[in-house]
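Q: model this:
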Amino acid sequence: MTKNASEENVNSPISFNDKWEDLLENKEFINTLFSDVLEDYIIKQRWYAGKASKIKYIELSEYFRIQNNEEVYYGLIIEVDFIEAFYQHYFLPIAFVSDENFAQNDRIVSVKIKDQEGFIIDATNLESFRKVVFERIINSAPIDKTKVQYHKSDLFTNDSYKSSRFMGLEQSNTSLIFNDKYVLKFFRRIFANKNPDYEMNRFLTDKKDFSNTPKYLGSINLMNKDDEVVTIAVMQELIPNNGDAWEYFLKEIDKIFETLDSKHIDINNLPEPIHYERLRIHDIPHRIIDWVGLNVFLQLKTLAKRTAEMHINLGAEFEDTSFTPTRFNGDYSVWLTNRMIYQFQNRLNIIENNLHKLDGYSLELANELLSKKSIIRSKFLKFDWTKLKGERIRVHGDYHLGQILVQDDDFFILDFEGEPESTIRDRQVKQPPIKDVAGLYRSFHYAIYASIFNNKDKYNNSQENLFKAAEILYGYFTGVFMGTYVETAQNANLNIGYNQERNFILEYCLLEKAVYELGYELNSRPSWAIIPLKGISNLLNN
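A: Below you'll find the predicted structure:
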């Protein structure tokens, strides 16, 4: 659609002789909305994940009413089909407004209904819609067998709607804050299955008692036309916080690098850690404590403990087969290696097509990767499950510092939706818990190098020396983390395997994660591709 045509649809009303309550039964309206209007609207939305693919057509998969007495809104399940990619489904709640001054930047189409002119908009912009959703959840019946199933936990009672607002900018979902103490997350891209964020959050806080994640309070699920459960939204408690762990560690790491200058520390004389060695605080050399300080290591111990406690709860189920621990087997090995080889080949293609965007050390590391692609491929293929004695459990799946909130000296873990590129079924596959540890290790690596890139003009050391300091710091961060994590997990009888097994799985998952990151960086910010490239190089050469 041309820009002029799309602007005309928003500014010039399309007339229909139907009431709003009956409009979605009008085939002409559906045809106009989906053929002439929605593409231009959707591709501008932050939550739309198909920007890299060319749309073939958009159609209405199904719709349902969200209403309370006379107030009627619609929830649309939209199917976006692509020319060269697999289709995607999105949730879009819509409302009709007649106020010309309302939602001027978020209008889908201008319409005239029964001689009343107005606009169809994303309903989340309307406080009246948000109030209806809140009241439908808090007043829901214990057992709901209708098409649209509202549910509340026993914790979500004795309250009434007072206020609501957007939480802030988000990439993939839309979160609303109610009464300054609840968060309702609308999932925008949806799947014909329970969303893992809803499933895991409800399990950890409704069935188990893991206190370091927001408590599950309610949800909206749709029974679709194929009788599959589709999660539309989840309600959780709002955690008061000091920001996320990514920002916290960036500030701490910046101070650590500044100390190199203020204390005139000779980086070449700093004691280097042994890779994968578990460390206790008193194992850390005095020169490292003098450089880094004690507090950040204490915070790492707390984060490691909370991570282990999350896994302990996820691995302590013996009734619900979705969560019962299981062993490694041939089926898992085949699934994993096929997935890794496909992803690695995809990243190789991206590297080869984007080499011109790299220079200097980044280009050197990229060429090293290409020269050693057969070694990396063989590492992915050599997954011998018969030697692994640990158990697989449900895991976070996309565990990084941005998914963790800081509350004073504690941490709260969020967003169990899983890896964005994976299917829902892949996200529900039971994995070794060390996979989450590897995700956090890669996030530490990113935070350390991001501090260098963000402040390179402030530090007096050369990039070569800063990179050396970065690897030393990373080694002590991960050593302290692993020491507390393993101790906490083993004290609770979580079977994470023997030491050599853990190191094998850790290396495997670190390589997997770094390869995954490389594709994103080359496509969106090539100057940062050096971080996953350095991670891959470290794994190949150490």
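
Q: C-alpha from now on. contacts and neighbour counts both.
A: Will do.

Q: so where's this protein shaky on pLDDT?
A: 1-11, 169-170 (pLDDT under 70).

Q: may I ask you to name the longest helix in it?
A: Looking across the chain with DSSP state H, the single longest helix is helix 463-491.

Q: that helix: which residues count as buried?
A: 466-486, 488-489 (16 or more other Cα atoms under 10 Å).

Q: which element follows it toward the C-terminus?
A: Scanning forward in sequence from helix 463-491 by DSSP states H and E, the next helix or strand is helix 499-524.

Q: now for that next one, which elements pack on it?
A: Packed against helix 499-524 by the contact rule (3 or more Cα pairs under 8 Å, 6 or more residues apart in numbering; DSSP states H and E) you find helix 330-354, helix 434-454, helix 530-541.

Q: and if we set it to 6 Å?
A: In terms of contacts (3 or more Cα pairs under 6 Å, 6 or more residues apart in numbering; DSSP states H and E), helix 499-524 is packed against helix 434-454.

Q: contacts for the helix it packs on?
A: For helix 434-454, the surrounding residues in contact (Cα atoms under 6 Å, 6 or more residues apart in numbering) are 250, 254, 399-400, 506, 509-510.

Q: quick check, nearest of those to residue 156?
A: Using Cα to Cα, residue 399 is the member of the contacts of helix 434-454 that sits closest to residue 156, with 27.6 Å.

Q: got the contact list for the closest one?
A: 436, 439-440.

Q: just want the angle from the longest helix of the chain to helix 530-541.
A: Using axes from the mean of the first three to the mean of the last three Cα atoms, to 10 degrees, the direction of helix 463-491 lies 70 degrees away from that of helix 530-541.

Q: now helix 463-491 and helix 499-524, what's the angle there?
A: 130 degrees.

Q: show me what helix 463-491 is packed against.
A: Here helix 463-491 touches helix 295-314, going by 3+ Cα pairs under 6 Å, 6+ apart.

Q: counting neighbours, which bits of the helix it packs on end up buried?
A: Buried, per 16+ other Cα under 10 Å, within helix 295-314: 296-297, 299-314.

Q: a helix runs through residue 185, doesn't it?
A: No - applying DSSP: H, G, I helix; E, B strand; the rest coil, one finds residue 185 to be strand, outside a helix.

Q: now do the strands in the stretch 151-300 of the chain.
A: 164-166, 173-178, 182-187, 189-190, 216-223, 229-237 (DSSP state E, counting those that start in this stretch).

Q: in JSON lines: those, plus mean neighbour count.
A: As requested, the strands of the stretch 151-300 of the chain are exported to JSON lines (neighbours: other Cα atoms under 10 Å):
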{"stretch": "strand 164-166", "mean neighbour count": "18"}
{"stretch": "strand 173-178", "mean neighbour count": "20"}
{"stretch": "strand 182-187", "mean neighbour count": "23"}
{"stretch": "strand 189-190", "mean neighbour count": "20"}
{"stretch": "strand 216-223", "mean neighbour count": "23"}
{"stretch": "strand 229-237", "mean neighbour count": "24"}
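
Q: would JSON lines of those with distance to residue 520 be doable?
A: Below are the strands of the stretch 151-300 of the chain laid out as JSON lines (distance: least, Cα to Cα, whole Å):
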{"stretch": "strand 164-166", "distance to residue 520": "28"}
{"stretch": "strand 173-178", "distance to residue 520": "19"}
{"stretch": "strand 182-187", "distance to residue 520": "22"}
{"stretch": "strand 189-190", "distance to residue 520": "19"}
{"stretch": "strand 216-223", "distance to residue 520": "31"}
{"stretch": "strand 229-237", "distance to residue 520": "27"}
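
Q: among these, which is nearest residue 395?
A: Using Cα to Cα, the strands of the stretch 151-300 of the chain put strand 216-223 closest to residue 395, at 17.5 Å.

Q: packing partners of that closest one?
A: By 3+ Cα pairs under 6 Å, 6+ apart, strand 216-223 packs against strand 148-152, strand 229-237.

Q: may I see those organised as TSV, with distance to residue 100 added?
A: What follows is the helices and strands packed on strand 216-223, written out as TSV (distance: least, Cα to Cα, whole Å):
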stretch	distance to residue 100
strand 148-152	32
strand 229-237	29
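
Q: of these, which is nearest residue 184?
A: Per Cα to Cα, nearest to residue 184 of the helices and strands packed on strand 216-223: strand 229-237, 4.3 Å.

Q: for that closest one, which outside residues touch it?
A: Against strand 229-237 from outside (Cα under 6 Å, 6+ apart): 182-187, 192-195, 198, 214-223.

Q: and it with strand 173-178, angle?
A: Orientation check (the same axes, to 10 degrees): strand 229-237 against strand 173-178 gives 40 degrees.

Q: closest one to residue 260 among the helices and strands packed on strand 216-223?
A: strand 229-237 (41.2 Å).

Q: now that closest one - C-alpha only, CSV.
A: Taking C-alpha atoms only, strand 229-237 is exported to CSV below (Å, rounded to 0.1, in the frame of the first residue of the first chain):
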residue,chain,number,x,y,z
VAL,A,229,-5.3,-22.9,24.7
VAL,A,230,-4.0,-19.5,23.5
THR,A,231,-2.6,-17.2,26.2
ILE,A,232,-3.7,-13.6,25.7
ALA,A,233,-2.5,-12.0,28.9
VAL,A,234,-1.1,-12.6,32.4
MET,A,235,-1.5,-10.5,35.5
GLN,A,236,1.3,-10.3,38.1
GLU,A,237,2.3,-8.3,41.1
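
Q: so it versus strand 216-223, what angle?
A: 160 degrees.

Q: still on that earlier bit, identify, from the contacts of helix 434-454, the entry nearest to residue 380.
A: residue 509 (9.6 Å).

Q: give the contact list for that closest one.
A: Per Cα under 6 Å, 6+ apart, neighbours of residue 509: 435, 438.

Q: if I look at it, how far off is residue 310?
A: Residue 509 sits 19 Å away from residue 310, taking Cα to Cα, to the nearest Å as the criterion.

Q: just residue 302 next, same as before
A: 12 Å.

Q: am I right that residue 73 is in a helix?
A: No - counting by three-state DSSP, residue 73 falls outside a helix, being strand.

Q: all further residue positions should be reported with the first residue as 359.
A: Yep, numbering from 359; the last one is residue 431 now.

Q: and residue 537, how many neighbours?
A: Using other Cα atoms under 10 Å, residue 537 is surrounded by 14 other residues.

Q: residue 523 is in contact with that one, correct?
A: No - between residue 537 and residue 523 there is no contact under Cα atoms under 6 Å: 8.9 Å.

Q: residue 422 - that's part of a strand, no?
A: Yes - using three-state DSSP, the secondary structure at residue 422 is a strand.

Q: if I look at it, how far off is residue 504?
A: 11 Å.

Q: higher neighbour count, those two?
A: For the pair residue 422 and residue 504, the greater number of neighbours falls to residue 422 (16 against 10), based on other Cα under 10 Å.

Q: domain assignment for this structure?
A: In terms of domains, the chain is parsed into 361-481, 486-595, 610-757+797-899 (source: automatic domain parsing).

Q: now those in TSV, with distance to residue 769?
A: Below are those laid out as TSV (distance: least, Cα to Cα, whole Å):
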stretch	distance to residue 769
domain 361-481	27
domain 486-595	7
domain 610-757+797-899	6
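
Q: can you give me the helices for the stretch 409-558 of the chain?
A: Applying DSSP state H, counting those that start in this stretch to the stretch 409-558 of the chain gives helices spanning 485-496, 554-560.
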